[in-house]
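1. Below are the sequence and a predicted model for it; my questions follow.
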Amino acid sequence: MALDSATLKFLELLAEGDGKPIHECTPEEARAYGSAMAELAGPAPEMDHVTEATIDRPDGEIRLRVLAPIETPRGVIVYYRGADVMRCRAG
C-alpha cells in the first residue's frame, strides 16, 4: 500500500532533521521525542465513548481500552504494548 502525500512529506522532513534515530536514543530522549511528536499531531478527535476493561489471566491482567469515535472511522488501529502481550496457541 502506498503512503499518502502528507505522510511521505512528514517522513522526508524527519530524514532531513539532525536528530539521531530513535533506536540510538536513551529512554529519556525517546520519551521527549514521543511527547514532541504527540504535540505535532494536535488534539485527538472527539470520542462517542471510551470503554476500559481488564482481562484476568493466570499470569496477570491485560488492560484494554476501546475508543469509539463520533464519526465513522476509515480504519482500525490495534496497539499492543509490551514484549509479551499475548500468546496464541494452536489446537
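-> Right, received. Where do you want to start?

2. which intervals of the chain have sub-threshold pLDDT?
-> 1, 81-91 (pLDDT under 70).

3. Now do the strands in it.
-> Using DSSP state E, the strands of the chain run over residues 47-57, 60-69.

4. Neighbouring strands of the last one in the sheet, and parallel or not?
-> When pairs are called by DSSP bridges, strand 60-69 turns out to pair with strand 47-57 (antiparallel).

5. which residues sit against the strand it pairs with?
-> When contacts are defined by C-beta atoms under 8 Å, 6 or more residues apart in numbering, strand 47-57 is touched by residues Glu61, Ile62, Arg63, Leu64, Arg65, Val66, Leu67, Ala68, Pro69, Ile70. In this view, the C-beta of every residue, glycine as well, is placed from N, C-alpha and C.

6. just these now: which is nearest Pro27?
-> Minimum distance to Pro27 across the contacts of strand 47-57 is 21.5 Å, recorded for Arg63 (C-beta to C-beta).

7. Excluding sequence neighbours, find me the nearest residue to the closest one.
-> Thr54 (5.7 Å; C-beta to C-beta, 6 or more residues apart in numbering).

8. How about Glu61?
-> Thr54 (4.9 Å).
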